[in-house]
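Trainee: A predicted structure for the sequence below; I have some questions about it.
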Amino acid sequence: MEVQTLIGLEVHAELATESKMFCSCSTEFGAEPNTHCCPICTGMPGVLPMPNKKAIEYAVKAGLALNCDISEFSKMDRKNYYYPDLPKAYQISQYDLPLCTGGYVDIETEDGPKRIRIRRVHMEEDAGKLLHEGWGNNSLVDYNRAGVPLIEIVTEPDMNSPAEAGAFLDKLKAILQYIEVSDCKMEEGSLRCDVNINARADDKSMATAITEMKNLNSFKAAVKAMEYEEKRHREALLEGDPTVHETRRWDDARSVTVAMRSKEEAHDYRYFPEPDLVPIALDKSYIKSIRENLPELPDQRYQRFISQYGLPQYDAGILTSSKYLADYFEQCMTIYDNAKTVSNWLMGDVLRALNENGKDPSDIPFPPAYLVDLIKYVDDGTISISIAKKVFDEMFANGTDPGAIIKEQGLVQISDEGELLGVIRQVIQENAPSVADYKAGKKKALGYLVGQAMKLTKGKANPQLLNKLLERELN
Amino acid sequence: MRIKPEEVDYIAALSRLVLSDQEKNMYARHLSEILEHAERLSELDTDDVEPTAHVLPLKNVFRDDQVKPSLERDILLSNAPEVENGCFKVPRIVE
Ligand SMILES: [Zn+2]
């Protein structure tokens, strides 16, 4: 039996507004608990919420960037449930008339490009934050996040592997960053992902019951959780084991999913139109003006990087996957003209250092001009490429200007023939056996001698010149 | 009666309400009467009427994205059953 994995995603993105969705409290991250709260966002009786114009605009912008239709008539609804993170005992959301419907995102897969359909994008408000750890039989509640505007992006179950779902999430994050509606910082909870996954026989004769996984707080965790569930569902289907529709939690420490024993089984949200908020009716000219002002999106920028800078597809794909990385590249290109060299540095050492430190391209600790300076020092022979890598590490650690590092640490490359000849003669004198090996035809011995000369010069010898002079001296 | 006491039980559970048998019967009767009253609307022919989301002749009431001061935390927390570290303290929710 051929088995297919079906994955659908619900992604929540916090919108980057200054104030909350329905009140004027700040949305700033990291404030003291419960200091960004007012009677409206904590659900006091008799208050009147009023929607944030910017949040509507951002949601429309996201809908358009995701190729959705924008509804000309939309309304807010109440989703009722009791949970301590929800001070009003209902969340203002959208039920049957969401702001955006029917879009898509194109991703790259092993089998080529693939289109993932977006069912809807709707607006809602975030809930508060529960702190469970360290309080015994209690939980603490911080309502600073309650009422922060969110969009929820719901896909069709079009992804057939965790890798495809991962590619979708990366692309979605890039798009939201490009249009600047969300900072997409997963570590601050501004991007969260729910997964629906099951397995089905290719001929649709049977399928496992859907597993829901909520609030996966990193793409890495989401992909790992999906890989685990994919295996579990496929095995259940092939073995004919019964499955139940359930919510499971990803346990990152043990790398397993566990069924959640929830006391809150009654998922009866009793949606009804929010009586405190009047409908949203966006006219065509408003939608048109947002559409016309959409910035360049990742796919367009990818094509432009290939045509304008002559970059290989692979490079263009990596560089444009993050707005910050692509911006950084283009800032370098305003002061330097070898695109491939800049691309190599960014895709190589810069991304490696960011990954090693668990950081994002927005965290590169030095300006583009410093990277170009470093490249130019290699170009003009001031330093060798291997020294440049060391200078880079220092730049990354301290954000220092490469010129200063080279000067302070005396890293300027030795390209003076006389000086190098002195070193070479010393090496020849001290390594008679290797010299003999070389003369006996063991060409490998040359590498050892070069290494010895490099050691004496602390890596600063001009490698090409050193090689040339050494061979000349030996012959 | 259109609403049975068991349905009142279910609705009460969703709202975290504990009702006596006497109350359940009373609310079953009240809710039934409300539904019966509203049912009179079905006598009208509404085939060509769009569902009404709102009865007010208003739309697009928005505010600008501007931050204004929030409430003093002490005032906010004055309704809390218990307070710890500037937070509302509630019975533990996850297991
Ligand atoms: Zn507020």
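Mentor: Here it is on my side, so go on.
Trainee: isn't A:I197 right up against A:A207?
Mentor: No. A:I197 is beyond contact range of A:A207, at 11.3 Å (criterion: C-beta atoms under 8 Å). Where C-beta positions appear, they are placed from N, C-alpha and C, glycine not excepted.
Trainee: among the two, which residue is more densely surrounded?
Mentor: More crowded of A:I197 and A:A207, by other C-beta atoms under 10 Å in any protein chain shown: A:I197, with 27 against 16.
Trainee: quick one: contacts for the more buried one?
Mentor: A:5-8, A:210-211, A:213, A:226, A:229-230, A:233 (C-beta atoms under 8 Å, 6 or more residues apart in numbering or on different chains).
Trainee: most neighbours, which of these?
Mentor: A:M226 (27 neighbours).
Trainee: can I assume that residue sits in a helix?
Mentor: Yes. The assignment for A:M226 is a helix, going by DSSP: H, G, I helix; E, B strand; the rest coil.
Trainee: so which bits of chain B are right by chain A?
Mentor: For chain B, the residues found near chain A under the criterion C-beta under 8 Å from any C-beta of the partner chain are B:10, B:13-16, B:53-54, B:56, B:58-68, B:70-71, B:73, B:76-77, B:82, B:84-95.
Trainee: buried ones only from those, please, as a PyMOL command.
Mentor: Applied in PyMOL, the following selects the buried portion of those according to 16 or more other C-beta atoms under 10 Å in any protein chain shown:
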select buried, chain B and resi 53+65+67+70+71+73+76+77+87+88+89+90
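Trainee: which one of the contacts of A:I197 sits closest to chain B?
Mentor: Lowest distance from chain B to those (C-beta to the nearest C-beta) belongs to A:M213, with 15.2 Å.
Trainee: with adjacent residues omitted, what lies nearest to that closest one?
Mentor: Spatial nearest neighbour of A:M213, chain neighbours left out: A:V195 (4.4 Å); criterion: C-beta to C-beta, 6 or more residues apart in numbering or on different chains.
Trainee: can you list which of the contacts of A:I197 are found in helices?
Mentor: When the contacts of A:I197 are checked against helices (DSSP state H), the matches are A:226, A:229-230, A:233.
Trainee: let me have these in JSON lines, adding pLDDT and distance to A:L140 as columns.
Mentor: Listed next are those as JSON lines, based on pLDDT from 0 to 100; distance: C-beta to C-beta, whole Å:
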{"residue": "A:M226", "pLDDT": "97", "distance to A:L140": "31"}
{"residue": "A:E229", "pLDDT": "96", "distance to A:L140": "31"}
{"residue": "A:E230", "pLDDT": "96", "distance to A:L140": "36"}
{"residue": "A:H233", "pLDDT": "96", "distance to A:L140": "36"}
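Trainee: is the residue nearest to A:M213 in a bridge, and if so with what?
Mentor: Beta-bridge pairing for A:V195 (DSSP bridges): A:L9, A:M213.
Trainee: how near is B:P81 to A:A199?
Mentor: In this view, B:P81 and A:A199 are 46 Å apart by C-beta to C-beta, to the nearest Å.
Trainee: which one's more surrounded, these two?
Mentor: Higher neighbour count among B:P81 and A:A199: A:A199, with 24 against 8, using other C-beta under 10 Å.
Trainee: contacting residues for the residue nearest to A:M213?
Mentor: Shown in contact with A:V195 (C-beta under 8 Å, 6+ apart): A:7-9, A:165, A:211-213, A:216, A:222, A:225-226, A:229.
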